[in-house]
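Asker: Would you be able to build a 3D model of this:
(chains A, B, C and D)
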Protein chains: 2
Amino acid sequence: MIEMYLFEQLDAVAKYGTLVAASEQLHITQPSMSRAMKKLEETIGVPLFEHKGNRLELNEYGRLAAEYARRILDSQEEMVIRIRTLERSKRTILLGSCAPGPLFELPSVLSSLYPDRTISTEVRNEETLIAGLKQGIYQLIILNRKPDNPEIICHPCGTESLFFSLPKDHPMAGRNSISFAEMDGESFLMYSEIGVWHELHHREMPNSRFILQDDMSALREVTRASSLPAFVTDLSMRLPGHDSKRVNIPISDQSATMSFWCCCMKDNEKRYLRWFQALEREKETS
Amino acid sequence: MIEMYLFEQLDAVAKYGTLVAASEQLHITQPSMSRAMKKLEETIGVPLFEHKGNRLELNEYGRLAAEYARRILDSQEEMVIRIRTLERSKRTILLGSCAPGPLFELPSVLSSLYPDRTISTEVRNEETLIAGLKQGIYQLIILNRKPDNPEIICHPCGTESLFFSLPKDHPMAGRNSISFAEMDGESFLMYSEIGVWHELHHREMPNSRFILQDDMSALREVTRASSLPAFVTDLSMRLPGHDSKRVNIPISDQSATMSFWCCCMKDNEKRYLRWFQALEREKETS
DNA sequence: ATCACTTACGGGTGACGTAAAAATC
DNA sequence: GATTTTTACGTCACCCGTAAGTGAT
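Answerer: Reported below is the predicted structural model:
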């Protein structure tokens, strides 16, 4: 039987070329390394190295062994991660979203439906969310479009509409609605963690500049003291601390309203049935 | 890092159900087993077992871990076997054949061409030979038909023709040739290790009985003392110790002559080029 | 009482580190 | 002399076995 520490050391030798380099990486002494490789050769019964001057080099068999070592180490690490992830996913619900808006209200609903589980949320891009859902890192994800994958189940979970937030003395402040095009070219103050909304802004207002701030309360301070236009949404307006000294003008473009879908893996559909039913009820009441 | 002995023990527990049973199989004591499983749980950080009465049972995580354990152990064993096989294949030539005839002469030719390598031979069925060739167990194999695989290179290596071996007082002993059908129904003495020839005998002489003997010299003794018909081939006739007190009558059926091909993996073609050239020369001289 | 597992304790293997030597550049 | 590997030796971790204890059937 070949113990794992031998594979680890072989892998390091294959990676770093010499026993000295490998032993430094693994924080063991070089003689220990030398002995381990000898033991490996003895166990397999085939020489894995050949002397090239004063250094040791993997031969054909050694390279084959190193390939296996890498594979086995990977398997072992993958095992630990998968088990830990699986266990964690039973205790917590990690809700990933493509935008922060849905995360304002939904976690508290989740929490009341699943009181024994921890609710965590993250804003990530679509690719990361879908990959993470498949791997079981996320139990639920919120996307702004249905993914084309029969293994993933989706339910609608509301919309979010963008508004321009203007100081009262702004020339456009009296309007009932404004289009992206009308404002394109100005500079905007903006929260940086808005996920997929960034794509929209750059597509619809290619000539504008966006001044990003990743601290929401800092952003509020700056906005209050500035005459620059900014953005709010119908969802963010309800948050406590919202600035009422500005006027919020609806954006006339259709693309300014985003629809969200909440998705889980088909395998977990039953587990989140209550949740999806709650979403349906919410839809009806609004 | 999870050492291999932990995987081995986990695998045994998964296989045998209880710590006691598993520990007996591995020839270690049960407390040792108990500690090892605890250590595994501690390392991963997730419980792998649950108590079911007075016995321990793998839970969901434990079963997942056991799957990985099995995979990792398999990888490790596969690694050792592959390396040893590869190394062995550099030092020896294992020549497998579907029939013993070609093995009478060819090994000595091989030996003279590759004096630094050990030559071994085996008679096996076609399936085993082809699978073994692919795995590198055999370096060369001899088949009675070309395999339909572009990765395998074949060269003709002679023929073998079957004869009836009859006592001089047998009614057919005076014939120039006999067909299978004419002798079908009789009982034959026969060497058992004749590989693919068995198929021919049962196909062409379905009503005959074959009395098998796996010891060639014992078979000769019995044949000498018996009046039963037997078989020889043009190749076996040349062997020392051949019985000259009988008459050997050619078999008129075409199927009584078998053609052989010697095959190696395309990757090894160069290595055995000398060998295949020698076969070509042999073909010309005969 | 029996069976399966856990806890406690002592012993021996072996993996590691230190020190020094050998070999190659 | 600098670098890399090998050899020699002492130490300590840890894996195992024995023995006793707990809980379930």
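Asker: Tell me who's in contact with residue A:231.
Answerer: Applying C-beta atoms under 8 Å, 6 or more residues apart in numbering or on different chains to residue A:231 gives the contacts A:162, A:163, A:164, A:165, A:188, A:190. Heads up, the C-betas are built off the backbone N, CA and C, glycines and all.
Asker: Check what pLDDT the spatially closest residue to residue A:275 that is not a sequence neighbour gets.
Answerer: Among residues not flanking residue A:275 along the chain, residue A:113 sits closest, at 5.8 Å (C-beta to C-beta, 6 or more residues apart in numbering or on different chains). Looking at residue A:113, its pLDDT is 95.
Asker: Is residue A:113 in contact with residue A:273, as I believe?
Answerer: No - counting by C-beta atoms under 8 Å, residue A:113 does not reach residue A:273; the two are 10.2 Å apart.
Asker: Which of these two has more residues huddled nearby?
Answerer: More neighbours surround residue A:113 than the other of residue A:113 and residue A:273, with 15 against 11 (other C-beta atoms under 10 Å in any protein chain shown).
Asker: All the helices of chain A, residue numbers only.
Answerer: With helices called from DSSP state H, chain A shows them at A:4-16, A:19-26, A:30-44, A:60-91, A:102-113, A:126-135, A:180-183, A:197-204, A:216-225, A:234-237, A:273-285.
Asker: Report whether the third one contacts DNA strand C.
Answerer: Pointing back at helix A:30-44 there. Yes - for helix A:30-44, a contact with DNA strand C is found by C-beta under 7 Å from any atom of the strand, at A:31, A:32, A:35, A:36, A:39.
Asker: Flag every residue of chain A that's near DNA strand D.
Answerer: Checking chain A against DNA strand D by C-beta under 7 Å from any atom of the strand, the hits are A:18-21, A:30-31, A:34-35, A:37-38, A:49, A:51, A:54-56.
Asker: Just the buried residues of those.
Answerer: Neighbour-count burial (16 or more other C-beta atoms under 10 Å in any protein chain shown) is assigned, among those, to A:19, A:37, A:49, A:56.
Asker: next one: stretch A:82-90 to chain centre, how far?
Answerer: Its chain's C-alpha centre and that of stretch A:82-90 lie 17 Å apart, by C-alpha atoms, centre = their mean, to the nearest Å.
Asker: pLDDT below threshold where in the stretch 151-286 of chain A?
Answerer: A:243, A:286 (pLDDT under 70).
Asker: give the contact list for the residue of it found nearest DNA strand D.
Answerer: Residue nearest to DNA strand D within the stretch 151-286 of chain A (C-beta to the nearest atom of the strand): residue A:271, separated by 29.7 Å. Contact analysis of residue A:271 by C-beta under 8 Å, 6+ apart lists residue A:264.
Asker: before we move on, the earlier item: using a markdown table, lay out the residues of helix A:30-44 next to DNA strand C together with pLDDT and distance to residue A:218.
Answerer: Below are the residues of helix A:30-44 next to DNA strand C laid out as a markdown table (pLDDT from 0 to 100; distance: C-beta to C-beta, whole Å):
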| residue | pLDDT | distance to residue A:218 |
| --- | --- | --- |
| A:31 | 93 | 56 |
| A:32 | 94 | 53 |
| A:35 | 92 | 58 |
| A:36 | 94 | 54 |
| A:39 | 94 | 59 |
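Asker: Between those residues, which sits nearest DNA strand D?
Answerer: Among the residues of helix A:30-44 next to DNA strand C, residue A:31 lies closest to DNA strand D (C-beta to the nearest atom of the strand), at 3.2 Å.
Asker: Would you quantify the distance from the closest one to residue B:141?
Answerer: The gap separating residue A:31 from residue B:141 is 47 Å, by C-beta to C-beta, to the nearest Å.
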